[in-house]
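1. Need coordinates for the below:
(chains A and B)
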Amino acid sequence: MPDKSNIAADDEKLIEATLQGDISSFGIIVERYWDMVIAFALSRINNATDAEDIAQESFLKAYSQLHRLRNPSRFAGWLSKITVQQCVNHIRKNAHKRIASSYTTYDVDASAQAVAFNSNPGLTDEQICFVRQTVSRLPEKFHKVIIMRFVAGLSAVQIAKQLGKRHGTVRVWLHRAYQILRKDLVSLFEEVK
Amino acid sequence: MSCEKYNELIEKYLNADIEDTELDELKEHSLQCASCHKKFEHIGRFEDIVKSAFSSATTAGQASDSILSKLPATRVVSDPAAMFSKQMAVAASIFLAVGLLSGYGLARLNADKQIAVPTTAKVPMKVARLEGTVLVKHQNSDLWYPLMPASGIYVGDTFHSTAKSAFVLELEDKSTIELNQNSMLVLRLYNGGTQFHLEHGKLAAALESPHPPFFVSTPHGRVEALGTEFTVTVE
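-> Residues are numbered from 1 along each chain as shown, chains lettered A, B, ... in the order given. From the prediction side, this is the model:
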């Protein structure tokens, strides 16, 4: 990961190189934002395999649309929108199969069965689903900054740049989102102490 | 002990805006202050929990390899028809209009589909800012392709900014020419220099002072810049 203040500039260089045919530069972009894209997908789709497919489709879509990106320093923000749209498309496409999940239909018990992977032995499948469900219920802007900060590891300054918002605004969003989750996840903190 | 300062550092830590020296200071303080230690430690645990809950069995490296293997071998810049699914219709209609206006024959539609190599001289200008999709066509070429931030600018180039797009050309003396959306600009050779011809749309120029005589031609006549900033609109 490049220096904190230079990540947007580094994204720009990688995108420019990709547009000029250097595919390996896009590989670096994928590595940088894979966790973030997976997190956005998992917060809407409660099936791990489907979420991975959506994450891959999101990167492929981003690659094919890269020339349309107006401001390369906002790549992560743009990519998150693509991922959300891919999730919406997936949910619509599969609505008839009743496998779609949404903020209101996220069933913890059912979801626990659908968690195909759990990389953290410290959390049970039920706990993972509970966290995903709680984070997903946040307002969109709070949800986005939490994923970008705690999964992608971006700072408030970087998130502000990526979303085209003021630094102060992102700081307030992060603070509020953290306070909400701290309260909502209090039982989990007690369990995993 | 006043924890006001350390509360600010904890907030900076939450925002990942904290400097290394500040983090060391916070860690040291948290060893002595139970209240700050609890807040500081909670953020770390929270991060671990969120990361774990949203983690993937596929590592970023594996994902990268998998995605790269699915990409087309080359980017589609050499084939605008594939690159611009929607914009192609716009580009095609503009191409037809320009072709008709400048006497191009329809036979030229069958020209080679590779990116045209400019046959005219490069001009000392660069793309200073680019938003959205701006198409460019070199002189004696029928092919439109996307303007890139590092693209060279040549005499005879025609630029078309699509909807919600714009770009700024920076001249050698740092003067700037901004082309708004849905506009078409042609760089014409005139009296040994480059003349800006606004075919349609809107152009905004910000010239360095003093500047030599500066004209923008339009289908309705020529406009001369008397000051340093002006706009030209061709309906």
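2. ok, residue A:174 - contacts?
-> By Cβ atoms under 8 Å, 6 or more residues apart in numbering or on different chains, the contact set of residue A:174 is A:145-146, A:149, A:156, A:159, B:14-15. No exception for glycine: its C-beta is placed from N, CA and C like everyone else's.
3. For residue B:50, which non-adjacent residue is closest in space?
-> residue A:150 (4.3 Å; Cβ to Cβ, 6 or more residues apart in numbering or on different chains).
4. actually residue A:167, not the one I wrote
-> Closest residue in space to residue A:167, ignoring its immediate chain neighbours: residue A:160 at 4.5 Å, by Cβ to Cβ, 6+ apart.
5. Let's see the pLDDT reported for the one you found.
-> Note on residue A:160: pLDDT of 95.
6. And for residue A:61?
-> With respect to pLDDT, residue A:61 scores 93.
7. Please work out how many residues are found near it.
-> Residue A:61: 16 surrounding residues under other Cβ atoms under 10 Å in any protein chain shown.
8. For the most centrally placed residue in chain A, give me its contacts.
-> Ranked by distance to the mean C-alpha position of chain A (Cα atoms, centre = their mean), the top residue is residue A:40 at 2.9 Å. The neighbourhood of residue A:40, defined by Cβ under 8 Å, 6+ apart, consists of A:80, A:83-84, A:87, A:147.
9. swap the cut-off to 10 Å and go again
-> By Cβ atoms under 10 Å, 6 or more residues apart in numbering or on different chains, the contact set of residue A:40 is A:33, A:51, A:54-55, A:58, A:79-84, A:86-87, A:136, A:143-144, A:147-148, A:151-152, B:54.
10. Show me which positions of the longest helix seen in chain B end up buried.
-> Taking DSSP state H as the criterion, chain B has its longest helix at helix B:34-53. Residues B:36-37, B:39-40, B:43, B:46-47, B:49-53 are the ones in helix B:34-53 that count as buried (16 or more other Cβ atoms under 10 Å in any protein chain shown).
11. For the strand or helix carrying residue A:27, buried residues please.
-> Assigned by DSSP states H and E, residue A:27 belongs to helix A:23-42. For helix A:23-42, the neighbour count (16+ other Cβ under 10 Å) marks A:23, A:25-42 as buried.
12. Just the angle for that helix relative to helix B:34-53, thanks.
-> Computed by axes from the mean of the first three to the mean of the last three Cα atoms, to 10 degrees, the angle separating helix A:23-42 from helix B:34-53 equals 110 degrees.
13. what packs against the following helix or strand past helix A:23-42?
-> Following helix A:23-42 in sequence order, the next helix or strand is helix A:48-64 (DSSP H and E). If you count contacts as 3 or more Cβ pairs under 10 Å, 6 or more residues apart in numbering or on different chains; DSSP states H and E, helix A:48-64 packs onto helix A:7-19, helix A:23-42, helix A:75-93, helix A:108-114, helix B:60-70.
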